[in-house]
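Student: Sequence unavailable; structure follows:
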């Protein structure tokens, strides 16, 4: 067993354990910490696949941004010491487990039956310089337009989020002026 | 034997099914949002696996996950704003209680 194989299975076990924790933990704060663990594990898998830039983006934006946002929201909307009292009935959980299992069999079965094994000998990954060029290039194979669109989407979503989350006191202040 | 493309695809499928299971069982809105993040991440993992093993390092396979991460950030911001607004009005986070769009 090579070092890469060992680290892959270590990461996979860590990710799946944390994902189980995200799905089942009653305490919302612990769910958020479990999600952070999953995201860090996936960043580790990206490192195994030589995608260092993406790994850094994952940790910086996802773990540093999204999870912190979720933690703040959890602290605002619920008492974290109190256990989540909203639970689905057991029969619903069983049905959901069967559906998830069928989905897993379909997706993983399709991936295994495709016979991608021939592609194994030539793994390669793009260096950071190439990713930067691809992001800002306008010609064929360039991603300048999606890059601009995604920044517009992000700004619009953040302004919309501020508007939606504004409380009654914000509205009163706006109307007073 | 080093892990090949199938290993990463199966790992991604497992994360995806965990996310779907959580979406179907959880009734708390924040917990459902976290499960959506799991599903998005499994998709991004697939992109990177194909990028590395099948497309010989074509940069599109890394650029697309970056876009996915940006969309996930926007989605989390909007969803949390809606959840906070809902909590102000309803004082609970049950997905089944949130059956109206009127403020």
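Tutor: Good, I have the coordinates. Keep in mind it's a predicted model, so treat the numbers as computed, not measured.
Student: Am I right that residue A:125 falls within a helix?
Tutor: No - the assignment for residue A:125, made by DSSP: H, G, I helix; E, B strand; the rest coil, is coil rather than a helix.
Student: So what's the residue count around it?
Tutor: Residues lying near residue A:125 (other Cβ atoms under 10 Å in any protein chain shown) number 23. No exception for glycine: its C-beta is placed from N, CA and C like everyone else's.
Student: ditto for residue A:3
Tutor: 8.
Student: quick one: it and residue B:2, what's the gap?
Tutor: 10 Å (Cβ to Cβ, to the nearest Å).
Student: Please, which helix or strand holds the residue most central in space within chain A?
Tutor: In chain A, the residue lying closest to the centroid (Cα atoms, centre = their mean) is residue A:39, at 6.1 Å. Element membership for residue A:39, per DSSP states H and E: helix A:28-48.
Student: for residue B:93, phi and psi?
Tutor: When read as degrees, to the nearest 10, the backbone of residue B:93 gives phi -120, psi 30.
Student: who touches it in this structure?
Tutor: Listed by Cβ atoms under 8 Å, 6 or more residues apart in numbering or on different chains, the contact set of residue B:93 reads A:77, A:78, A:86, B:28, B:29, B:30, B:83, B:86, B:87.
Student: any idea how far residue A:132 is from it?
Tutor: Taking Cβ to Cβ, one finds residue B:93 at 41 Å from residue A:132.
Student: What of residue B:47?
Tutor: On the measure of Cβ to Cβ, residue B:47 and residue A:132 end up 18 Å apart.
Student: Give me the more crowded residue out of those two.
Tutor: Set side by side, residue B:47 and residue A:132 show more neighbours around residue B:47, with 22 against 14, by other Cβ under 10 Å.
Student: from memory the more buried one sits against residue B:65, does it?
Tutor: Yes - between residue B:47 and residue B:65 there is a contact under Cβ atoms under 8 Å: 5.2 Å.
Student: How many neighbouring residues does the nearest residue to residue A:11 once chain neighbours are set aside have?
Tutor: Counting by Cβ to Cβ, 6 or more residues apart in numbering or on different chains, residue A:11 lies nearest to residue A:44, which is 4.8 Å off, once chain neighbours are set aside. When neighbours are defined as other Cβ under 10 Å, residue A:44 has 19 of them.
Student: Give the full set of residues in contact with residue A:44.
Tutor: Applying Cβ under 8 Å, 6+ apart to residue A:44 gives the contacts A:7, A:11, A:14, A:55.
Student: hmm, try it at 10 Å
Tutor: Going by Cβ atoms under 10 Å, 6 or more residues apart in numbering or on different chains, residue A:44 touches A:7, A:8, A:10, A:11, A:12, A:14, A:15, A:55, A:58, A:59.
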